[in-house]
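In: quick check, what structure comes out for this input:
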Amino acid sequence: MPRAFHIPGVFFLFCAFVLLFLVSISLPYLPALDFARVHFDGSPSTENGGEGALTELRYGIWSYCWYQTSGTRTCSPKGHGYSTVVYNSDRTSWQTVGPSWTRGLAVHPVAAGMTFVAFLLSLSTHITVALLASLASFLAALLTLIAFAIDIALYVFVKHQMGKLVGVSEHTDTAPAFWMTFVSFILLCLAGCTVCFGRRRDRMAGATSYSMAPKPTSWRDRFRRS
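Out: Sure, this is the predicted structure:
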């Protein structure tokens, strides 16, 4: 594969893998890498209670974490497919985000694994392996797109649910892991195209490298027997 296509493709895949790997760790291990972040004003609380009113709620892959006015950060038990319940100050209104909205976040580690496979395949310059690397890149891009769609659905649902709390002012934002997933999708698409174009260029170079019969130099050569 020409180096002009090979090196950028490997670089894109490596960057996409690093981003998806960090996103896959997420909460509670990396508190800054969440998908949706809710800021509260109005003294709400979670079902777990705690010291002080709830000021911020963060959604990760393996758990959610909440911040309280006392300055403490608490995370839910680690698990796949968690649920959250948020109450207003007098507990007359509450909203729930069920496990059906967070269970799909586990697609991110699957996308990270496929990206790693594509990255390993891209290290080879063999034409057949390059084709497999291109296919693996597009498959990883598809999985990342599905993961990003799940992120969007979670963000929209959380914003909708928290907005229905009575007497609570809230502001829901997308968080770093949300945008890291989107950037990973773009990088995987670029990597798939780069590797694919590099393979096509290799085939064209191989097709034009065959020795061709010399063209006749005069009209007599056209009738001369070899």
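
In: surely residue 171 meets residue 36?
Out: No: in this structure, residue 171 is not within contact of residue 36 by C-beta atoms under 8 Å, at 11.4 Å. Where you see a C-beta, it was placed from the backbone N, CA and C, and this is true even at glycine.

In: quick one: list the elements packing against the worst-scoring helix or strand of the chain on mean pLDDT.
Out: Ranked by mean pLDDT, DSSP states H and E, the helix or strand of the chain with the weakest confidence is strand 45-46, at a mean of 75. Using 3 or more C-beta pairs under 8 Å, 6 or more residues apart in numbering; DSSP states H and E, the elements in contact with strand 45-46 are strand 54-59, strand 84-87.

In: contacts for the longest one, please.
Out: I take that to be strand 54-59. With contacts defined as C-beta atoms under 8 Å, 6 or more residues apart in numbering, strand 54-59 is touched by 27, 31, 34-40, 43-46, 64-69, 84, 86, 97, 102, 154, 158, 162, 175.

In: for stretch 151-170, same thing?
Out: 35-36, 38-44, 57, 59, 86, 88-90, 92-97, 101-102, 104-105, 172, 174, 177-178, 181.

In: sorry, back to before: redo the helices and strands packed on strand 45-46 as JSON lines? Include distance to residue 192, mean pLDDT and mean neighbour count.
Out: Output for these, formatted as JSON lines (distance: least, C-beta to C-beta, whole Å; pLDDT from 0 to 100; neighbours: other C-beta atoms under 10 Å):
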{"stretch": "strand 54-59", "distance to residue 192": "29", "mean pLDDT": "91", "mean neighbour count": "22"}
{"stretch": "strand 84-87", "distance to residue 192": "36", "mean pLDDT": "89", "mean neighbour count": "20"}
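
In: quick one: mean pLDDT over the top helix by length along the chain.
Out: In terms of residue count, the longest helix belonging to the chain (DSSP state H) is helix 127-162. Predicted confidence along helix 127-162 averages 93 (mean pLDDT).

In: check stretch 190-198 too.
Out: Average pLDDT, stretch 190-198: 77.

In: any chance of a ChimeraX selection covering the buried ones in the contacts of stretch 151-170?
Out: Those of the contacts of stretch 151-170 that count as buried under 16 or more other C-beta atoms under 10 Å are selected in ChimeraX with:
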select :35,36,38,40,43,44,57,59,86,88,89,94,95,97,101,102,104,105,172,174,177,178,181
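
In: could you list which of the contacts of stretch 151-170 belong to strands?
Out: 36, 38-41, 57, 59, 86, 94-97, 172, 174 (DSSP state E).

In: widest-spaced pair of those residues?
Out: 94 and 174 (23.8 Å; C-beta to C-beta).

In: burial measure for residue 74, as a count.
Out: 15 (other C-beta atoms under 10 Å).

In: would you agree it falls within a strand?
Out: Yes: counting by DSSP: H, G, I helix; E, B strand; the rest coil, residue 74 is located in a strand.
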